[in-house]
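Asks: Need a 3D model of the sequence below.
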Amino acid sequence: TRSGRVAAVSLSGGAPLVIEQDASAPEYDAGYALFVRGDAALSVVPFDQSTLRTTGDVHVLGDRVSQALGGVAGLAVGHGVIIYQRASNARLMLMDRSGVQKPLLDKAAVYHRPTVSPDGRTIAFDIEGDRDGQRDVWTFDVASGTLSRLTNVGDGHDANFSADGRRITFLTNERPGGDL
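Replies: Next comes the predicted model:
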């Protein structure tokens, strides 16, 4: 696996404060720092944004996260849920605040870079397809359970929602050098 140190730093300056020595894929949500340890364990620690310090012990949430795409884990948080790909069965998983885990999709695949919309109703991610490992962006409507292909451009990936959630940007390598 490829990991480094998870750290926090103030935009007003100062030295970075290390949260975890051997970890990747840091995320922050509602008072918690989430990350994937070097052993692929999905982990969480209470974190105070104002002091940039942990306020409790690190807890392993019990699953190993797939280390796809160059060894970096895909992890998303938002609206009280964590989205990640389970290493053991290649399923995209959803975990709520109470720790209940369930497969987001029944299909095993290679999923990349999940992201949650600002309103929490849609999840976007890449799925590696059959075309020489190229990916396309898909969306999942949480309420209806509907999976929809958003791109079919040759290699659509790394989706991000706009602040209002009405648009998605993504990268594509359709032309040499890639596009946004």
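Asks: What's the first helix or strand after the least confident helix or strand in the chain by mean pLDDT?
Replies: Ranked by mean pLDDT, DSSP states H and E, the weakest helix or strand in the chain is helix 68-71, scoring a mean of 47. Once helix 68-71 ends, the next helix or strand along the chain (criterion: DSSP states H and E) is strand 75-78.
Asks: Which SSE is immediately downstream of that following strand?
Replies: strand 81-85.
Asks: any residues touching that following strand, and which ones?
Replies: The contact list for strand 81-85 (Cβ atoms under 8 Å, 6 or more residues apart in numbering) reads 34, 42, 61, 63, 65-66, 68, 73-77, 91-97, 104, 110-111, 114, 116, 120, 123, 125. From N, CA and C alone the C-beta is placed, and that goes for glycine too.
Asks: immediately after the longest strand along the chain, which helix or strand?
Replies: In the chain, with assignment by DSSP state E, the single longest strand is strand 17-29. Next in sequence after strand 17-29, counting helices and strands by DSSP H and E, comes strand 32-37.
Asks: which residues of the chain score low on pLDDT?
Replies: Applying pLDDT under 70 to the chain flags residues 1-3, 62-63, 67-75, 88-89, 130-133, 154, 174-180.
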